[in-house]
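**Q** With the input below, show me the fold.
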Amino acid sequence: MDINFNKNEDFNKLQLSALKRKLVKVYKGGGEKRTEKHTDNGKLTARERIDYLFDAKNKSIEIGALAGEEMYEEHGGCPSGGVIVKIGYVKGKQCIVVANDATVKAGAWFPITGKKNLRAQEISMENKLPIIYLVDSAGVYLPMQDEIFPDKEHFGRIFRNNAVMSSMGITQIAAVMGSCVAGGAYLPIMSDETIIVDKTGSIFLAGSYLVKAAIGENVDNETLGGATAHSEISGVADYKATDDYDALDKIKNIIDKIGDYDKAGFNRIETVNPVKNPEDIFGILPASRTDQYDMLEIIKRLVDNSEIEEYKKDYGKTIICGYARIEGWAVGIVANQRKVVKNANKEMQFGGVIYSDSADKATRFIANCNQKKIPLVFLQDVTGFMVGSKSEHGGIIKDGAKMVNAVSNSVVPKFTVVIGNSYGAGNYAMCGKAYDPRLIFAWPSARLAVMGGEQASKVLLQIETASLKNKGEEITNEKEQKILESIQQKYDTQTSPYYAAARLWTDGIINPLDTRKWIGMGIEAANHAPIEKQFNLGIIQV
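**A** The predicted structure follows:
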């Protein structure tokens, strides 16, 4: 191994260590004191509930673990958005679980909580996965009610989705393991089956204090909406559980009886590990986001047997397209090549840039994968489309539009891994969040922005200095440098993968060595949902 490999390895492993430290903190939820108070009431934590429910703790993936990171600090923070979402296996069946974390503001819903719940339901609907709700929530966080209550993608959308999912035949099971109040009370009742835990679970539209204020009735919460009231009197709950373990066992028993699902029929054979050591990824991936490297070497450490059949290998070289397998599943890979290459005219092409020929190649390949019913995997390290008069005259906008069209209309499931840069229209063409990937996740090395930091900072500097000059201020070299440093610091923060993950622009930041598991479980989930639409590019300029 050369010295650069070792330097890259040290840098990337430090990045991974930083991720692990953040996750350890996030996993503590509302902190030790609130957790202790929660468990003193005889309740398991949200993460303990999920671990007990799943067949195997390590055979799962967590969606949005970093949601809410460094957001709402003035309100005390909201680790993981106050709700845990995981995909795993219950009695051998793949399910998605949504568990309120009552150690975070009593499980109250912040704006990001609503967004995360909707993302969980979206995954369930796209893949027709059974969904399990472990309810323990005080309802909407009132100081921010205007950002969570009234809009289309806010709190009420959850219950609309409950109804739609029911009509789609998607299994929904709810266990009320703590508070379930106000509008939130509709979620378990709109599920297929509802379990309530005795003495700790409660369901009501208004608690005892509000009932007293509204109609003058004196009643305690247990009498008003406890397990006995709803399992013996109102009939709202279907099962009464003695404690958290009993409730989770009842869920297991229900899931165990579900019949088999109709399959999409994606091709799968026995899994083979990569021949090339996946650990090498840390040394191959450069520390600097501007340095070049061979993306093909990354791919060979992600795919089964390190084998990929390249499509149009010698054409459009700044995008690699090819057929491979991941965890036994057949996949079509579309990846940005990050090393400088030469085209047929012996012209240099910059790595990470999409040229007309590479956009044309990717469009054809995406169409082929749709024709053959092969899921697509996008590996992003893209700085955008090539600019300049030669590219414009050559029709780069037209060729880029064709690629965006193909990605938009693709009917096979898509999975996006943000390995490095994800800039501008390159984000779109390589299946960014707006293009409905079934899962989109990032490595710690990722950067997401409308353009690279250096270019953006210079543009913003010009705008800022021009504005100050118009106000009559004198801009010295020293002041200009301070302005530039301030802009760069802010821009670096906003392009961080943590900034994106906090806002659910990605489903999370992962250890690169977990990439195969995420894609494999993602395709298994997608296999629950047969493809019902035909691939059609619509009208495009050829």
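**Q** First residue to last residue on stretch 408-420, what's the distance there?
**A** 22 Å (Cα to Cα, to the nearest Å).
**Q** List the buried residues in that stretch.
**A** For stretch 408-420, a neighbour-count test (16 or more other Cβ atoms under 10 Å) marks N409, S410, V412, P413, K414, F415, T416, V417, V418, I419, G420 as buried. C-beta coordinates here come from the backbone N, C-alpha and C atoms, glycine included.
**Q** likewise stretch 296-312?
**A** 296-304, 306, 308, 311-312.
**Q** what's the closest non-adjacent residue to I483?
**A** E464 (5.5 Å; Cβ to Cβ, 6 or more residues apart in numbering).
**Q** hang on, isn't A185 packed against S202?
**A** No. Using Cβ atoms under 8 Å, A185 is not in contact with S202, being 9.4 Å away.
**Q** shared neighbours of those two, which are they?
**A** Common contacts of A185 and S202 (Cβ atoms under 8 Å, 6 or more residues apart in numbering): none found.
**Q** Excluding covalently adjacent residues, which one is nearest to A163?
**A** A163's closest residue in space is M190 (Cβ to Cβ, 6+ apart), at 6.2 Å.
**Q** right, and that neighbour touches V164 too?
**A** No. M190 is not in contact with V164 according to Cβ under 8 Å; the separation is 10.2 Å.
**Q** Looking only at neighbour counts, state which of the two leads.
**A** Counted by other Cβ atoms under 10 Å, M190 and V164 do not tie: M190 has more neighbours, with 18 against 13.
**Q** Relative to I123, how far out is that one?
**A** Separation of M190 from I123 (Cβ to Cβ, to the nearest Å): 18 Å.
**Q** Ok, K93 next?
**A** From K93 over to I123 (counting by Cβ to Cβ), the distance is 15 Å.
**Q** swap in S389?
**A** 44 Å.
**Q** Could you check which of those two has the larger neighbour count?
**A** I123 (21 against 7).
**Q** and the more buried one, that's in a strand?
**A** No. Counting by DSSP: H, G, I helix; E, B strand; the rest coil, I123 is not part of a strand but helix.
**Q** ok, now which ones touch it?
**A** I123 touches I63, I87, I96, L129, R438, L439, A525, counting by Cβ under 8 Å, 6+ apart.
**Q** after the helix or strand hosting K115 comes which helix or strand?
**A** Using DSSP states H and E, K115 falls within helix 111-127. Where DSSP H and E defines the elements, the next helix or strand beyond helix 111-127 is strand 131-137.
**Q** hang on, the earlier thing: next step: the contacts of I123 restricted to strands.
**A** I63, I87, I96, L439 (DSSP state E).
**Q** I'd guessed the third one sits against V85; true?
**A** Put plainly, it is I96. Yes. If you go by Cβ under 8 Å, I96 and V85 touch, sitting 6.9 Å apart.
**Q** Those two: which is more packed in?
**A** V85 (26 against 22).
**Q** Chain neighbours aside, what residue packs nearest to W518?
**A** That would be I61: by Cβ to Cβ, 6+ apart, it lies 5.5 Å from W518.
**Q** do G265 as well
**A** K373 (6.8 Å).
**Q** Show the pLDDT at the one you found.
**A** On pLDDT, K373 comes in at 97.
**Q** What's the local residue count around it?
**A** 15.
**Q** can I assume it is in contact with V331?
**A** No. Counting by Cβ under 8 Å, K373 stays clear of V331, with 11.6 Å between them.
**Q** got any ranges where the stretch 1-150 of the chain has weak pLDDT?
**A** Judged by pLDDT under 70, the stretch 1-150 of the chain has its weakly predicted residues at 1.
**Q** typo on my end, it should be the stretch 151-300 of the chain
**A** Across the stretch 151-300 of the chain, the ranges flagged by pLDDT under 70 are 183.
**Q** Over to the stretch 351-500 of the chain?
**A** For the stretch 351-500 of the chain, the ranges with pLDDT under 70 are 393, 452-457.
**Q** Break down it into its helices, ranges please.
**A** 356-372, 389-393, 396-409, 424-429, 453-470, 477-495, 497-502 (DSSP state H, counting those that start in this stretch).
**Q** With respect to K28, which of those helices lies nearest?
**A** When these are compared by Cβ to Cβ, helix 497-502 sits nearest K28, at 16.9 Å.
**Q** Output the contacting helices and strands for that closest one.
**A** Contacts defined by 3 or more Cβ pairs under 8 Å, 6 or more residues apart in numbering; DSSP states H and E place helix 497-502 against strand 439-442, strand 447-449.
**Q** Pick the most buried one from those strands.
**A** Neighbour counts (mean count of other Cβ atoms under 10 Å) averaged over each of the helices and strands packed on helix 497-502 peak at strand 439-442, with a mean of 25.
**Q** Dump that one to CSV, keeping only the CA atoms.
**A** What follows is strand 439-442, C-alpha atoms only, in CSV (Å, rounded to 0.1, in the frame of the first residue of the first chain):
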residue,chain,number,x,y,z
LEU,A,439,-33.6,4.3,0.2
ILE,A,440,-31.0,7.0,0.0
PHE,A,441,-28.1,7.0,2.4
ALA,A,442,-24.6,8.6,2.7
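**Q** Can you say which of the helices of the stretch 351-500 of the chain is nearest to L537?
**A** helix 396-409 (5.6 Å).
**Q** Which residue is the nearest non-sequential neighbour of K57?
**A** K57 sits nearest to D51 (Cβ to Cβ, 6+ apart), 5.0 Å away.
**Q** give me the element that neighbour is part of.
**A** Assigned by DSSP H and E, D51 falls in helix 46-53.
**Q** Please point out which parts of that helix sit buried.
**A** Of the residues in helix 46-53, those buried (16+ other Cβ under 10 Å) are A46, R47, R49, I50, D51, L53.
**Q** Thank you kindly, that will do.
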